[in-house]
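1. I would like the atomic coordinates for the input below:
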Amino acid sequence: MVFKKMMRAFGVGGPSVDTVLANPNTRPGLTLDGQVRILGGDHDAAIEQVVLGLVTRVEHEHGDGFVEFHRVPVAGGFQLGAGEQRDLPFAFPVPWETPITDVYGRRLHGMTMGLRTELALAKAVDKGDLDEVAVHPLPAQERILDAFAELGFRFARADLEHGGIHGVGQQLPFYQEIEFHPAPQFAGGINEVEVTFVADPEGVEVILEFDKRGGFLAPGHDAYGRFRVSHAEAETTDWTSVVESWVREASGRYQGLRGAGGFGGPAYSGGHGSHGYGHHGHFRQGPGAGAMAAGIAGGVLGGMVLGEVAEEIFEDDGGDFDFGE
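-> So this is what the prediction gives:
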């Protein structure tokens, strides 16, 4: 669904902007295609620049706020006549590390994403149009999420944490955590599992963080695992078996929160408060899609209501959009 908002750019009689997406659904590494439509006001205007940017909500140590994490100029300076309409086509590249917002047509609870249009005129900037977009998982990410569902893990929520993951060639200033409640066979030793994907053109880094339960004589602790998956492996791997082996290997290790990086125990920068480390349409359903989709339909994504998310961020309340909170 494309959200069309015609906003007066710079007072009465100024130009207005409306961005129309051909398809708001995409994946990391693909593009968002569409047009920026600018309509002149009641006088000629000098347009200095038109820019598109991806915007999402990121959690910080002292709260959360909206962050624009990728900007692409659509047009440089040009003159816009009174009443003139100018259509500017674009193909906006979606970064490989862009977080997942939707799985099988359902919004992940806690995720928001929008494409914002900025119109610069006479040294002023108007935030213009904001269109909701849906980022679906890459095939490898989708199969891994399917495998967690097949094993009985239940989706809890997803969020974005400010900071970086030690030892990973991360480009964005945040990372996504997809949280699961443990499967029954692991519930005795694990409170929750957090999955982080860091994708690039060759493959995906998969980082697992386990909140392990304590015992009568032992306190609880976190355990970590880090694994590399190529895009070519997505269709040819028994992911349920692979993910089960990852869980058993990584959850069986003890790694202190301030431990050194490396396989099974990456250290992290940014994120979780006092200890200084955080850890961290055309989309085909895979063989494990039934379990994941059934979990979503059955309320596994508890509290997820797309309309509420859209209303919170994308509904025009008659004022400017504020992404700097």
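
2. in stretch 241-251, what's buried?
-> Residues of stretch 241-251 classed as buried: Val242, Val243, Glu244, Trp246, Val247, Ala250, Ser251 (neighbour count, 16 or more other Cβ atoms under 10 Å). Using the backbone N, CA and C atoms, a C-beta is placed for each residue, glycine as well.

3. ok, then the element right after the host helix or strand of Phe69?
-> Using DSSP states H and E, the element containing Phe69 is strand 63-75. Next helix or strand after strand 63-75 toward the C-terminus (DSSP H and E): strand 78-80.

4. list the neighbouring strands of the next helix or strand after that next one plus their orientation.
-> Where DSSP H and E defines the elements, the next helix or strand beyond strand 78-80 is strand 85-93. Next to strand 85-93 in the sheet, as set by DSSP bridges, lie strand 31-39 (antiparallel).

5. residues touching the strand it pairs with, excluding its own?
-> 6, 15-24, 26, 47, 50, 52, 74-75, 80, 83-94, 115, 117, 119, 129, 133 (Cβ atoms under 8 Å, 6 or more residues apart in numbering).

6. longest strand in the chain, by residue count?
-> Longest strand in the chain by number of residues (criterion: DSSP state E): strand 45-60.

7. what mean pLDDT does that strand get?
-> Strand 45-60 shows a mean pLDDT of 92.

8. same thing with stretch 136-149?
-> pLDDT averaged over stretch 136-149 gives 96.

9. could you dump it to CSV, C-alpha only?
-> Extracted in CSV, the C-alpha atoms of stretch 136-149 (Å, rounded to 0.1, in the frame of the first residue of the first chain):
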residue,chain,number,x,y,z
HIS,A,136,11.1,-9.3,3.3
PRO,A,137,13.9,-11.7,4.2
LEU,A,138,16.5,-13.0,1.7
PRO,A,139,16.1,-16.8,0.9
ALA,A,140,18.8,-17.8,3.4
GLN,A,141,17.3,-15.6,6.1
GLU,A,142,13.8,-17.0,5.4
ARG,A,143,14.9,-20.6,5.5
ILE,A,144,16.7,-20.1,8.8
LEU,A,145,13.6,-18.4,10.4
ASP,A,146,11.6,-21.3,9.0
ALA,A,147,13.9,-23.8,10.8
PHE,A,148,13.6,-22.1,14.1
ALA,A,149,9.8,-22.4,13.8
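
10. I'd like the buried residues of stretch 241-251 written out as CSV, with secondary structure and distance to Phe153 added.
-> Converted to CSV, those look like this (DSSP: H, G, I helix; E, B strand; the rest coil; distance: Cβ to Cβ, whole Å):
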residue, secondary structure, distance to Phe153
Val242, helix, 14
Val243, helix, 9
Glu244, helix, 10
Trp246, helix, 12
Val247, helix, 9
Ala250, helix, 14
Ser251, helix, 12
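
11. from those, which is closest to Gly65?
-> Nearest to Gly65 among the buried residues of stretch 241-251, counting by Cβ to Cβ, is Ala250 at 31.8 Å.

12. which residue is the nearest non-sequential neighbour of the closest one?
-> Excluding its sequence neighbours, the residue lying closest to Ala250 (Cβ to Cβ, 6 or more residues apart in numbering) is Gly225, at 2.6 Å.

13. show me the beta-bridge partners of that neighbour.
-> Leu208.

14. neighbours of it, just the number please.
-> Look at Gly225: counted by other Cβ atoms under 10 Å, it has 23 neighbours.

15. cool, and Glu194?
-> Neighbour count for Glu194, taken as other Cβ under 10 Å: 23.

16. can I assume it is in contact with His181?
-> No: using Cβ atoms under 8 Å, Glu194 is not in contact with His181, being 11.2 Å away.
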